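[1] Here's a sequence, model it:
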Amino acid sequence: MRCPLWRVAVAERSMEPALRPGDWLLVWRGFRPDGQLRVRPGQIVIAQHPSRPDLLLVKRATDPKPAGWWLASDNTAAPAVDSRSFGPVPVGLIRGRVLLRYRRAPR
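    Modelled structure (predicted):
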C-alpha cells in the first residue's frame, strides 16, 4: 500500500502568485472506496498531462465537465499548459490535491 501523502516541487510560474518555483507541496493522494479522488472547484491538484503521461501538472480545478475536470493556470500571462490547450482532464489522471505549500529552510 502506498503512502497517501506525497511531496511535489513547483518548477514553473504558471500558478503564481499562489505558488512559485521552489515551493514544495504536500499532496493528498488518498482515494475513496469508489476509487476516485474527491476534488472540489477551486482546489489545486496534481494531474498527469493527457498526452504526456511522464509530465505532471500543478493546476487549479475550476469546473467539472462530463469528460473530466477543467484545469487552469492562475497566471495566464505565463506560458502555460492547461485545459485551454488540451481540454478537460479525465478524473483518472488527477493524482492528488494540494493540502499545503511550504518552502525549504535556507541552509
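[2] Quick one: residues contacting residue 8.
    By Cβ atoms under 8 Å, 6 or more residues apart in numbering, the residues touching residue 8 are 24, 25, 27, 46, 56, 58, 96. C-beta: built from backbone N, CA, C; applies to glycine.
[3] So which of those are in strands?
    24, 25, 27, 46, 56, 58, 96 (DSSP state E).
[4] Give me the buried entries from these.
    25, 27, 46, 58, 96 (16 or more other Cβ atoms under 10 Å).
[5] Widest-spaced pair of these?
    Maximum pairwise distance in those, criterion Cβ to Cβ, is 10.1 Å, between 58 and 96.
[6] which residues are in contact with both of the two?
    Both residue 58 and residue 96 are in contact with 8, 45, 46, where contact means Cβ under 8 Å, 6+ apart.
[7] Just name the closest of those residues to residue 68, please.
    For those, the nearest to residue 68 is residue 45 (11.2 Å; Cβ to Cβ).
[8] Which residues does the closest one form beta bridges with?
    residue 59, residue 97 (DSSP bridges).
[9] Now do the same contact list for residue 66.
    So residue 66 contacts residue 88 (Cβ under 8 Å, 6+ apart).
[10] Give me the phi and psi for it.
    Dihedral pair for residue 66: phi -60, psi -30, per degrees, to the nearest 10.
[11] any idea how far residue 91 is from it?
    11 Å (Cβ to Cβ, to the nearest Å).
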